[in-house]
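*Asks:* Sharing a sequence plus its predicted fold:
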Amino acid sequence: MPSYIRQYVYASPGLFCEQAERVGPATLEVIGRLFSIAEANGRVVEVEYDTASGILSQGKPTKRHSKRSPRTLETACKELIGLHPSIFTRISYSAVRDTVQRLIDEETRIRADEFIAEKLAVGNIMDILQGGKDGLYD
């Protein structure tokens, strides 16, 4: 049986919740909400498998998105729960994805600012541009 079919055969809300729990309590709450809201609305919980899988994938680095991490996913879920505290509010995959990307962008900007500030504290801008004796202005 192909792996893409096998993952649905063995999938369950419990399996997704176990994976979310390994990331953190906020991620577990977001995933748990998906299934409890689907059940409360009389829908089969299987309709949320793709959403749950997509949300959990935001915590895994890939070649294209190497800065993703479980810590970033957990932080994004905490923020979204803070914005939507009601347990009856479904938090979507796109909300998680966008928040994860915003957090990564913010962290990258902060690191770049720190790097620039550190370099400017050590020397002036001409030292940075010249990079020693083989710089731009030799």
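*Replies:* On my side now, so go ahead.

*Asks:* hey, let's count contacts and neighbours off CA atoms from now on
*Replies:* Noted.

*Asks:* Could you list the low-pLDDT ranges of this structure?
*Replies:* Counting by pLDDT under 70, the chain contains low-confidence ranges at 3-8, 120-138.

*Asks:* which helices and strands sit right next to the helix ranked longest in it?
*Replies:* Counting by DSSP state H, the longest helix found in the chain is helix 93-122. The elements that helix 93-122 packs onto, with contact taken as 3 or more C-alpha pairs under 8 Å, 6 or more residues apart in numbering; DSSP states H and E, are helix 49-57, helix 70-83.

*Asks:* same thing but at 6 Å, please
*Replies:* Using 3 or more C-alpha pairs under 6 Å, 6 or more residues apart in numbering; DSSP states H and E as the contact test, no helix or strand touches helix 93-122.

*Asks:* Identify each buried residue in that helix, please.
*Replies:* 93, 96-97, 99-101, 103-104 (16 or more other C-alpha atoms under 10 Å).

*Asks:* mind checking how far it is from the chain centre?
*Replies:* Offset of helix 93-122 from its chain centre (C-alpha atoms, centre = their mean, to the nearest Å): 14 Å.

*Asks:* same check, this time on stretch 68-86
*Replies:* 8 Å.

*Asks:* which parts of that stretch are buried?
*Replies:* Residues of stretch 68-86 classed as buried: 68-70, 72-78, 80-81 (neighbour count, 16+ other C-alpha under 10 Å).

*Asks:* picking that back up, by how many degrees do the longest helix of the chain and helix 70-83 diverge?
*Replies:* Put simply, helix 93-122 runs at 120 degrees to helix 70-83, going by axes from the mean of the first three to the mean of the last three C-alpha atoms, to 10 degrees.

*Asks:* Next, the angle from helix 93-122 to helix 49-57.
*Replies:* 10 degrees.

*Asks:* how far away is the closest residue in space to residue 24 that isn't next to it in sequence from residue 114?
*Replies:* Spatial nearest neighbour of residue 24, chain neighbours left out: residue 74 (6.0 Å); criterion: C-alpha to C-alpha, 6 or more residues apart in numbering. Distance of residue 74 to residue 114, computed by C-alpha to C-alpha, to the nearest Å: 24 Å.
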